[in-house]
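In: predicted coordinates and the sequence they were generated for:
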Amino acid sequence: MPIMNHVIMPDSSLDFLNPKQREAVDYFGGPLLILAGAGTGKTKVLTTRIAHIIQTQRALPHEILAVTFTNKAANEMRERILPFVSGTNAMWMGTFHSIGLRILRRHCEAVGLRSNFTVLDADDQLRLVKQIIKASGLDEKRHPPKVALNSINLLKDRAISPLTTDLRSYRDPKTNRFISAWIVDTYIAYQQRLQILNGVDFGDLLLHCITLFQQCGDILERYNQQFKFILIDEYQDTNVAQYLWLRLMSQGGAQVCCVGDDDQSIYGWRGAEVDNILRFEQDFQGAKVVRLEQNYRSTSHILGAASGLISHNKGRLGKELWTEVDGGEKVDIRCVYDSEEEAITTVGALERLYKSGYPLNETAILVRASHQTREFEERLIVCGLPYRVIGGMRFYERQEIRDALAYLRLVNQVNDSLAFERIINTPRRGIGESSLNIMHNVARSQGVSLFDAANQLIETDELRTQARTVLRGFLEDVRRWQRKAQELPPAELAQVVLDESGYTAFWKNETTPDAPARLENLKELVVALEEFSTLEGFLEHVSLVMEVTQKDLGPQITIMTLHSAKGLEFGTVFLPGWEEGMFPNQRALEESGTDGLEEERRLAYVGITRAKEKAVITYATMRRMYNQIQHNLPSRFLSELPESHVIWHNRLQRHQPFQTMRRSGNSYKEKPNQSSQAFGDFDFNQEMSGMRHTGMKLVYHKKFGMGKVVRLEGDKADVHFEEFGLKKVLNSFLTEV
DNA sequence: ATCCTCGCTTGTAGT
DNA sequence: AAGCGAGGAT
């Protein structure tokens, strides 16, 4: 028996828990669902429970599997447990993706992958889908790669793969529609290409695991025996594939403990199924549910406002958050003229806070859409206040970083054809599309990688002389770098590769204004590499952890999207852009109707509950969108906030009903009767999304609204838009979804 | 092969 | 407004 001294946490730490929290930490009678509302000490309960498992349940760290939603959350959890538990490293802690990858690395052959398979990111995925669509002779306009990729990803979220499901007879459970044939074909071709490339995408990390478990009972049994305790955080954000994965993982009798808050489910668009948490008691026999409802974060006004808002949602498990902290300030709702005034007043308020000594790292501006950040940034620069933007373009998503990584991937694994393709002509070497096509043909016909194909082609005269010479030199370079990789540490190797390949020089010669910044980023990449002892380890790291730890630059205002704010808290929170169309977001309503609206409302709930002391909401009467002026109504969420917890400033007197806001409110849903009359049996809820034809008669155009197709000829259509009395010829706008 | 310009489209969230 | 692809010019 191993020595049971992993926990040095004093028993008395349980004293800091309230009875409910204690129950959530202590219960080991079977499956457990902890319904933890916002700010109820969820993280504390989770970490204490893990320590408690080791201490009282005599479990070893490696018998615990803890799955979090983000890598950040996993790291935070590890850090919190570290002081109390030794052997934390043996614990299986991470995201579904990172744990799936860890398992796949061990058993890749069993699911037809060779060792050293690469993990594709969103960018790689899209390029692959583009290639496939091009190769099958489809018009990219009518068959947008993005649409296909989105469908593929959503199918994977539901664990639907062409291997196990007949996609042609599969109906989308939400819309009850078949998947378009071209998407099915693309999906099938995409999986084949992945197989050839020896790559997996994010969805595959789980899907392959599921296949593995289903096909190799002995492997599954090993994991079933290993894991005695399974904890899943943010359970409301799990998708079907993750649910199936959990079922398999826990079927050996592991203690399952899921933690989540149905009111904070905001990732439906990415395949998350709130149903998973709503169904927990049925899915896991004899499950116990513990509700954490005492909020320690916010004042009663903030909590009251948030609770009032979320109570408008149906289909909740129902929680009643309460706090002992009474009073505080009411939520401000401020009307501004336009986005400029919004930025000025918000930053003005921040400036006053700053001057009064309020810590800036306790302030945040939480926006609905990332493009809203720009105006605030500009204003903050003018006022000289320090800020940081979280999200947006991440470090490892930048072009120069992805190029550099492609070089490193190629050196690490010459058969990484995606990497090869990315950098073979970056910087320009005179190996363009035609040469690449020849290589592709050879690679495809012989079933080899681009590198091997290139290797053959330099011996023949199929390529032009110049291309052949250059290619020969390049292949030799790669081999040389590979040899150097044996002796040099990764950081030095990267420097050598970037310099010798001419990539550094390429950016030095570039005269565009952002070139210096890109060179800086490359330097940072090399610095980031210094922490790793092997190139492989680093590449593994970046394939999943797409973030780089930021330097601490002192107190800063945080600007981020509402989505990325989940799980965080700030003293004062600014919530701009609460207008119909913006928030709730127009597309969310169009694409998902009532469900979409409820998800938006949960997002609003998340936003308000981030605030500890103060929340300030603004809405603009006018906004420049899509290069035209729009007059928006205040968000319906504002009127759903209980009057007793809010103060309105400059409240609009002229409160127009939705019906009159045909264009600006864009709330077509509000007038179904009228529309049905005007357009016969047209079903708005089903047909709102994008532009598409319905029986060649009617289309919905994002910009122009409803229109009648008066003539249809090939890709062109004459559409008459009633509302504007304008006749417009649209080309290839009939997007099939 | 590469550069450059024009015109068209798109514009929620992000492991 | 900005990014992308197509197509023409070099």
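Out: Perfect, I can see it now. As the structure is a computational prediction, the values presented were derived from the model and not from experiment. Residues are numbered from 1 along each chain as shown, chains lettered A, B, ... in the order given.
In: residues touching the residue nearest to A:E530 when sequence neighbours are not counted, list them.
Out: Spatial nearest neighbour of A:E530, excluding adjacent residues (Cβ to Cβ, 6 or more residues apart in numbering): A:A491 at 4.4 Å. Placement of C-beta: from N, CA and C, glycine included. Applying Cβ atoms under 8 Å, 6 or more residues apart in numbering, we find A:A491 in contact with A:V526, A:V527, A:L529, A:E530, A:F532.
In: how many other residues sit next to A:L155?
Out: As a burial measure, A:L155 scores 24 neighbours (other Cβ atoms under 10 Å).
In: could you do the one 4 residues further on as well?
Out: By the other Cβ under 10 Å criterion, the neighbourhood of A:A159 contains 21 residues.
In: next one: phi and psi at it?
Out: In terms of degrees, to the nearest 10, the main-chain angles of A:A159 are phi 60, psi 30.
In: how close does A:R193 sit to A:E221?
Out: Distance, A:R193 to A:E221, using Cβ to Cβ, to the nearest Å: 33 Å.
In: next secondary structure element downstream of the helix or strand encompassing the residue nearest to A:E530?
Out: For A:A491, the element it lies in under DSSP states H and E is helix A:490-500. Tracing the chain past helix A:490-500, the next element assigned as helix or strand by DSSP H and E is helix A:503-509.
In: give me the residue from the stretch 451-600 of chain A nearest DNA strand C.
Out: Residue of the stretch 451-600 of chain A nearest DNA strand C, by Cβ to the nearest atom of the strand: A:D514 (9.7 Å).
In: now for that residue: which residues touch it?
Out: Taking Cβ under 8 Å, 6+ apart, one finds nothing in contact with A:D514.
In: pop out the phi and psi values for it.
Out: Taking degrees, to the nearest 10, you get phi -90, psi 0 for the backbone angles of A:D514.
In: which parts of the stretch 201-350 of chain A are helices?
Out: Applying DSSP state H, counting those that start in this stretch to the stretch 201-350 of chain A gives helices spanning A:202-215, A:217-226, A:240-250, A:274-278, A:280-283, A:300-310, A:339-355.
In: of these, which stretch is the most buried?
Out: Among the helices of the stretch 201-350 of chain A, helix A:300-310 has the highest mean neighbour count (mean count of other Cβ atoms under 10 Å), at a mean of 24.
In: so how far is it from its chain's centroid?
Out: 27 Å (Cα atoms, centre = their mean, to the nearest Å).
In: what residue ranges in the stretch 101-250 of chain A score low on pLDDT?
Out: For the stretch 101-250 of chain A, applying pLDDT under 70 flags no range at all.
In: who in it is up against DNA strand C?
Out: Within reach of DNA strand C by Cβ under 7 Å from any atom of the strand, the stretch 101-250 of chain A has these residues: A:K130, A:E140.
In: run the last query once more with 10 Å
Out: A:D123, A:L126, A:R127, A:K130, A:K134, A:D139, A:E140, A:K141, A:P145 (Cβ under 10 Å from any atom of the strand).
In: now the two most distant members of these.
Out: A:D123 and A:D139 (22.6 Å; Cβ to Cβ).
In: the helix or strand that contains A:D452: how far from the chain's middle?
Out: A:D452 belongs to helix A:450-457 when assigned by DSSP H and E. Centre-to-centre, helix A:450-457 and its host chain are 36 Å apart (Cα atoms, centre = their mean).
In: next SSE downstream of that helix?
Out: Next in sequence after helix A:450-457, counting helices and strands by DSSP H and E, comes helix A:465-487.
In: what does stretch A:156-164 rub up against?
Out: With Cβ under 8 Å, 6+ apart as the test, stretch A:156-164 has contacts from A:155, A:167, A:170, A:173, A:184, A:187-188, A:191, A:201, A:203-204, A:206-207, A:210-211, A:239-241, A:244, A:270-272.
In: which single residue of the stretch 351-500 of chain A ends up nearest DNA strand C?
Out: Closest contact between the stretch 351-500 of chain A and DNA strand C, by Cβ to the nearest atom of the strand, is at A:R374 (8.5 Å).
In: could you measure that residue against A:D514, distance?
Out: From A:R374 across to A:D514, the span is 16 Å (Cβ to Cβ).
In: re earlier: make sure the residue of the stretch 351-500 of chain A closest to DNA strand C is indeed in a helix.
Out: Yes - assignment of A:R374 by DSSP: H, G, I helix; E, B strand; the rest coil places it within a helix.
In: who in the stretch 51-200 of chain A is up against DNA strand B?
Out: Proximity of the stretch 51-200 of chain A to DNA strand B (Cβ under 10 Å from any atom of the strand) is limited to residues A:68-74, A:94-98, A:121-122, A:125, A:140-142, A:144, A:146-147, A:149-150, A:153-154, A:156-157.
In: what about A:E598, neighbour count?
Out: Counted with other Cβ under 10 Å, A:E598 comes out at 23.
In: for the residue nearest to it when sequence neighbours are not counted, give me its contacts.
Out: Take A:E598 and drop its neighbours on the chain: the residue closest to it by Cβ to Cβ, 6+ apart is A:N313, 4.8 Å away. Residues near A:N313 by Cβ under 8 Å, 6+ apart: A:D263, A:E598, A:R601, A:R602.
In: for the residues you listed, give me TSV that also has secondary structure, distance to A:E536 and pLDDT.
Out: Shown next, in TSV, are the contacts of A:N313 (DSSP: H, G, I helix; E, B strand; the rest coil; distance: Cβ to Cβ, whole Å; pLDDT from 0 to 100):
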residue	secondary structure	distance to A:E536	pLDDT
A:D263	helix	42	94
A:E598	helix	44	93
A:R601	helix	45	95
A:R602	helix	40	95
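In: show the buried residues in those residues.
Out: A:D263, A:E598, A:R601, A:R602 (16 or more other Cβ atoms under 10 Å).
In: ok, so of those, who is nearest A:Y503?
Out: Among the buried ones among the contacts of A:N313, A:R602 lies closest to A:Y503 (Cβ to Cβ), at 44.7 Å.
In: so how far is DNA strand C from that closest one?
Out: Using Cβ to the nearest atom of the strand, to the nearest Å, A:R602 is found at 30 Å from DNA strand C.
In: and for A:A110?
Out: When distance is defined by Cβ to the nearest atom of the strand, A:A110 is 37 Å away from DNA strand C.
In: wait, doesn't that residue sit right on A:I219?
Out: Yes - with contact defined as Cβ atoms under 8 Å, A:A110 counts as touching A:I219 (6.8 Å).
In: mutual contacts of the two, please.
Out: A:L212.
In: near DNA strand C, which residues of the stretch 301-450 of chain A show up?
Out: A:H371, A:R374, A:M393, A:Q399.
In: give me the neighbour count for A:P359.
Out: Neighbours of A:P359 (other Cβ under 10 Å): 12.
In: no no, A:A604
Out: The burial count for A:A604: 28, using other Cβ under 10 Å.
In: near DNA strand B, which residues of the stretch 301-450 of chain A are found?
Out: Counting by Cβ under 10 Å from any atom of the strand, the stretch 301-450 of chain A sits next to DNA strand B at A:367-373, A:390-392, A:394, A:397, A:424-438.
In: give me the buried subset of those.
Out: The buried subset of these (16+ other Cβ under 10 Å) comprises A:367-368, A:370, A:372-373, A:390, A:424-426, A:429, A:431, A:435-436, A:438.
In: thank you, goodbye.
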